[in-house]
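J.: How does the following fold in three dimensions:
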Amino acid sequence: MLVLQCTLLLFLQHKASYLTVQCKECRSMQVCPCKPGLGGALLPRRCETVDPVTGSMCPQNSWVVLGERSSYVDQQTLKLQERPEDIPTGELPRTLLMVVDRHLVGRVTPGSRLVITGIYCTHRSSAMDKGPSNMTLQMPYLRVVDLQEESEAHADDTFSNAERAIFRDMSRDPDIIQKVAQSIAPKIKGQDDIKMAIACLLFGGARKIMPDGTARRGDINVLLLGDPSVGKSQFLKFVSKVAPICVYTSGKGSSAAGLTAAVVQDANTREFYLEGGAMVLADGGVVCIDEFDKMRPEDRVAIHEAMEQQTISIAKAGITTVLKSRTSVLAAANPPSGRYDDLSSASDNIDLQTTILSRFDLIFIVRDVPDEQKDQDIARHVLSVHSGASRAKGVARGPTTSAASGDAADDSDAPIDEKTLKRFIKFSRTHTFPRLAEASAGKLVDKFVEMRDKARQARSATDSEESPIPMTVRQLEALIRISESFARMCASAEADDGHVAQAFDLFTKSTINAMNAGLISNTNDRLQVNATQDVEARICERLHIGGHVTYKRLLEDMQALGYSGNQVGLAVKVMLSRNQLRRKAEGKMLERVQ
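T.: Next up is the predicted model:
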């Protein structure tokens, strides 16, 4: 089964089913049939009519095509590609040219998943006519007889009765939400809240169609922002394996056209084609974007419409169309300085526009804070994972302790294995469509109003700048979607008070905490930050760019101005992390870089 690669010919061709030709000499006419698909018509070399007076025949190649007396049908050229989830790692997707005609023209759009019935044919293209060695080359294509688009109506055909019974029993388990969350990336120690958020993203809420025809998205978007080496990319890789439909990409290597859609011109026919990007190919699934902060701002703006309205509007080269992009977005990013800076505001640490942040339902600030007990647990877990990993072929297994083997076995035994979890997600998304209960709607409104009021009070109490993460109506819709995702895990038709409470708790641990990350609630903390910033300003006055000074001399100068040694040391540490200072002469000398 293949998926449309989103290369769609927008200007329809008209293929002749038969041609009527007329001789230029004797004016006699003849009907010539045309081959179907990409085949052409064979015109006779000469007219067989004999002049009754002279007895001679008409000259060769004397035929003229009469277009008004010929018959034509609509024809469209498509390109078929393997489904992203079926492509082996490290290999390019296979593509196949496809030709549709008559009533099949215009029935599919880029990103559609199709079941094709056709005839495998070959033809010679104009690009193969260069040189005598290419006379034997043929290009394959598929002449389509019938096509059907995959839809949720055929979802039952992919599940056996035994599978449906197993999944219904799993949904009735009172601990199914915790089991699903524990099955997300079991090789990663801790991060329970992020695992719960990814579980909600995989199951998603219910898509709603309004009476006026507009839609409200049910897909959940999650952003992981924080220090390196905390497992962000591993979460993305796990989701790319478990999600029924997923496209993985990196922000540095992705452009606006690669994520949305591009209009390209065919080198042979000079006609324009519409080629879909990652968010079109992942329609109905998940798009994982790593290094989200490395994307250019103009490329991030291009996915605004896809993340909220779930459509991609194209108006290029005379082509105006709208493509579907019903996808969830899981993005991972780092702060501008590489690590999260405690002395910087939230705006400095989150270098993303408010317009893009408001489209993420859950935002996590992931930090690597040194803690002795936590570091020991993580170190043991990493060692057990490495000791329990499979060896390469031909490598002997050395002696291991029973404790290490036992830890590895326990960590690898997730409550639900990856294959079953993938099928359970697909079953839930195609069979359960929960709605928020009316009794729970009032409580959700009260919680939203309370969150808005707390955010306003926190800003006014600390006299700090406004957080880059806004508290808008989109966050209320996010709470609704998260509640519905919890209800979908339990196969419940309605999201009740328990699901709303779980959604609010997860939202508080993620977006609310990220919103308050730049707010300083303690007076002593504010004084310390202000003193450190004053020391930084004094150091900049003391040292010009490119200037050198020993740390001992700098400490004496700052202490003479009334600053303590701890404040000077903290300021130097912050400036070193921001690359404003650089150590030289084995750390004894400081040089100002910027």
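J.: unless I'm mixing things up, His381 is touching Gln191, no?
T.: No - His381 sits out of contact with Gln191 when judged by CB atoms under 8 Å, with a separation of 11.6 Å. C-beta: built from backbone N, CA, C; applies to glycine.
J.: Of those two, give the one with the bigger neighbour count.
T.: Gln191 (20 against 17; other CB atoms under 10 Å).
J.: excluding its backbone neighbours, what's nearest that one?
T.: In space, and not counting its chain neighbours, Gln191 is closest to Gly231: 6.4 Å by CB to CB, 6 or more residues apart in numbering.
J.: Now do the contacts for that neighbour.
T.: Counting by CB atoms under 8 Å, 6 or more residues apart in numbering, Gly231 makes contact with Ala185, Ile188, Gln191, Val366.
J.: Phi first, then psi, for the closest residue to the second one other than its chain neighbours.
T.: If I follow you right, that is Ile188. Spatial nearest neighbour of Ile188, excluding adjacent residues (CB to CB, 6+ apart): Gly231 at 4.6 Å. Per-residue torsions, Gly231: phi 90, psi 20 (degrees, to the nearest 10).
J.: One more: Leu444?
T.: According to degrees, to the nearest 10, Leu444 has phi -70, psi -40.
J.: these two touch, right, it and Arg481?
T.: No - shown here, Leu444 and Arg481 do not form a contact pair, counting by CB under 8 Å, at 11.5 Å.
J.: Between these two, which is the more surrounded one?
T.: Arg481 (26 against 20).
J.: Tell me how far the residue nearest to the more buried one when sequence neighbours are not counted lies from Gly218.
T.: Distance criterion CB to CB, 6+ apart; nearest residue to Arg481, sequence neighbours excluded, is Gly205 at 3.4 Å. As judged by CB to CB, to the nearest Å, Gly205 and Gly218 stand 4 Å apart.
J.: just Arg113 next, same as before
T.: Relative to Gly218, and taking CB to CB, Arg113 is found at 19 Å.
J.: swap in Tyr141?
T.: 38 Å.
J.: List the contacts of Thr327.
T.: Neighbours of Thr327 in contact, by CB under 8 Å, 6+ apart: Asp219, Met279, Ala282, Asp283, Gly284, Gly285, Val286, Val287, Ala306, Gln310.
J.: Likewise for Thr420?
T.: Going by CB under 8 Å, 6+ apart, Thr420 touches no other residue.
J.: What is the distance between the host helix or strand of it and the centre of its chain?
T.: Under the criterion of DSSP states H and E, Thr420 resides in helix 418-431. Distance, stretch centre to chain centre, for helix 418-431: 19 Å (CA atoms, centre = their mean, to the nearest Å).
J.: what's the answer for stretch 107-115, then?
T.: Centroid separation for stretch 107-115 versus its chain: 19 Å, with CA atoms, centre = their mean.
J.: could I have that stretch exported to CSV, CA atoms only?
T.: C-alpha atoms of stretch 107-115 as CSV (Å, rounded to 0.1, in the frame of the first residue of the first chain):
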residue,chain,number,x,y,z
ARG,A,107,-10.4,12.8,-6.9
VAL,A,108,-7.3,12.9,-4.7
THR,A,109,-5.1,15.6,-3.1
PRO,A,110,-1.5,15.5,-2.0
GLY,A,111,-1.0,13.5,1.2
SER,A,112,-3.9,11.1,0.5
ARG,A,113,-3.4,7.4,1.3
LEU,A,114,-4.7,5.2,-1.5
VAL,A,115,-5.5,1.7,-2.5
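J.: where does Lys79 land in three-state SS?
T.: Recorded secondary structure, Lys79: strand (DSSP: H, G, I helix; E, B strand; the rest coil).
J.: wait, isn't it in contact with Val99?
T.: No - Lys79 is not in contact with Val99 according to CB under 8 Å; the separation is 10.5 Å.
J.: Which helix or strand in the chain has the lowest average pLDDT?
T.: Each helix and strand of the chain was given a mean pLDDT (mean pLDDT, DSSP states H and E); the minimum falls on helix 402-412 at a mean of 38.
J.: how near is the residue sitting nearest the centre point of the chain to Ser240?
T.: The centre of the chain sits closest to Val287, judged by CA atoms, centre = their mean, with a distance of 1.8 Å. To Ser240, Val287 is 10 Å away according to CB to CB.
J.: Return every residue with contacts to both of the two.
T.: Cys246, Val247.
J.: Find the residues that touch each one of Gly205 and Gly218.
T.: Arg481, Glu484.
J.: Compare the two (neighbour count), which wins?
T.: More neighbours surround Gly205 than the other of Gly205 and Gly218, with 30 against 23 (other CB under 10 Å).
J.: contacting residues around the more buried one?
T.: Gly218, Asp219, Ile220, Pro434, Ile480, Arg481, Ile482, Ser483, Glu484, Ser485, Arg488.
J.: Quick one: neighbours of the second one, just the number.
T.: Other residues lying near Asp219 total 22 when counted by other CB under 10 Å.
J.: State the helix or strand in which it lies.
T.: According to DSSP H and E, Asp219 maps onto no helix or strand at all.
J.: dump the residue contacts of the spatially closest residue to it that is not a sequence neighbour.
T.: Spatial nearest neighbour of Asp219, excluding adjacent residues (CB to CB, 6+ apart): Ser328 at 4.1 Å. Taking CB under 8 Å, 6+ apart, we find Ser328 in contact with Leu201, Leu202, Gly204, Asp219, Ile220, Asn221, Val222, Gly285, Val286, Val287.
J.: In those, find the pair that's most separated.
T.: For these, with distances taken as CB to CB, the pair at the greatest spread is Val222 and Gly285 (14.2 Å).
J.: which element is Ile482 on?
T.: helix 473-489.
J.: Identify each buried residue in that helix, please.
T.: The neighbour-count check on helix 473-489 (16 or more other CB atoms under 10 Å) flags 475-489 as buried.
J.: nearest to Cys34, of the contacts of Gly205?
T.: After measuring the contacts of Gly205 against Cys34 - CB to CB - the closest member comes out as Asp219, at 46.4 Å.
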